[in-house]
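# missing the sequence, but the structure's below:
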Ligand code: PTJ
């Protein structure tokens, strides 16, 4: 047994554990109530994918790690679901790639911004951006437009997990390289991303960190080769095919 009253032998143990983390996130004022709905959508896609990292997602995670390592100013965007599900894994990826952490919320309240920043610090983050909100993403009229000028506002590579399509498109307009983690290969954000990672956040983040560590000694030419070898269209097609024929 863990902190959830479900035996580890339960066939849906992992998914029940993640549900519980999201529930706790809502209770702690970290996750929005809409986060519960987003979790349900993600769970459904993960079930269809066989709750595994398919080979094309692993390739995307390696390309994502290479993008973050060769960037001048990479930023990991954190929302209420990410903070509840994987705070430690997010902080570890930031450390492995030299990326900054920035809280950016769709349902933004100052209280939730601060709770998420505190939660990340409790899990080892040194600096957490997002509270200054002295920059704007042009072309967006909701709260996600608010960014830090020295964070997402001037980033060359941004990781946006569990994103809505609007900001993904607006960031693409700014010529920012976008890495999106989204279990739905048909979502607008996955379709807009330079690197769509069709995998569960909980598996994707540690795998990106592992790839970043193995690429840490690589020179620019090697990182460029990893980035160029990744084919986003093929990865989206492979994810869709895996959902349609999970046995393959
Ligand atoms: O904390 P806030 O205020 O910024 O709000 C965050 C949520 C997630 C509520 C907000 O961004 C939202 O409503 O997102 P959507 O439009 O529901 O999109 C979430 C996407 O993430 C969906 O396509 C889900 O399939 C996917 N998703 C959900 N859980 C996971 C996931 N993808 C990867 N890993 C997951 N664990």
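Cool, got the structure. Since we're looking at a predicted model, the values are computed, not measured.
# show me what contacts the nearest residue to residue 110 once chain neighbours are set aside?
The shortest distance from residue 110 to any non-neighbouring residue, by Cβ to Cβ, 6 or more residues apart in numbering, is to residue 131 (7.9 Å). To be clear about C-beta, it is placed using only N, CA and C from the backbone, and glycine gets the same treatment. Taking Cβ atoms under 8 Å, 6 or more residues apart in numbering as the contact definition, residue 131 lies against 103, 110, 113-114, 117, 148.
# do the same with residue 33
By Cβ under 8 Å, 6+ apart, residue 33 lies in contact with residue 26.
# backbone phi and psi for it, please?
Backbone torsions for residue 33, taken as degrees, to the nearest 10, come to phi -60, psi -30.
# ok, it to the ligand distance?
When Cβ to the nearest ligand atom, to the nearest Å is applied, the distance between residue 33 and the ligand equals 9 Å.
# what does residue 160 give?
Noted for residue 160: a distance of 9 Å to the ligand, by Cβ to the nearest ligand atom.
# Does that residue fall in a helix, a strand, or a coil region?
Here residue 160 is strand, with the state taken from DSSP: H, G, I helix; E, B strand; the rest coil.
# confidence score at it?
If you check residue 160, the pLDDT there is 95.
# if we can go back for a sec, in PyMOL, select just the buried ones from the contacts of residue 131.
Buried residues among these (16 or more other Cβ atoms under 10 Å), as a PyMOL selection:
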select buried, resi 103+113+117+148
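# Go through the contacts of residue 131 and name the one nearest residue 28.
residue 114 (12.1 Å; Cβ to Cβ).
# How confident is the prediction for the closest residue to that closest one other than its chain neighbours, by pLDDT?
For residue 114, ignoring the flanking residues on the chain, the nearest one in space by Cβ to Cβ, 6+ apart is residue 131 at 7.1 Å. According to the model's per-residue confidence, residue 131 sits at a pLDDT of 96.
# Ok, residue 246 next?
According to the model, residue 246 carries a pLDDT of 65.
# after the lowest-mean-pLDDT helix or strand in the chain comes which helix or strand?
Taking all helices and strands of the chain together, the one with the lowest average confidence (mean pLDDT, DSSP states H and E) is helix 165-173, at a mean of 82. With elements assigned by DSSP states H and E, the helix or strand that comes after helix 165-173 is strand 177-181.
# That next one - which strands sit beside it in the sheet, and in what orientation?
Within its sheet, strand 177-181 is paired with strand 157-161 (parallel), strand 195-197 (parallel), according to DSSP bridges.
# which is the next helix or strand following that strand?
Using DSSP H and E, the next helix or strand after strand 177-181 towards the C-terminus is helix 188-192.
# what comes into contact with that next one?
By Cβ under 8 Å, 6+ apart, the residues outside helix 188-192 that reach it are 160, 163-169, 172, 178, 180, 182, 184, 196, 198, 236.
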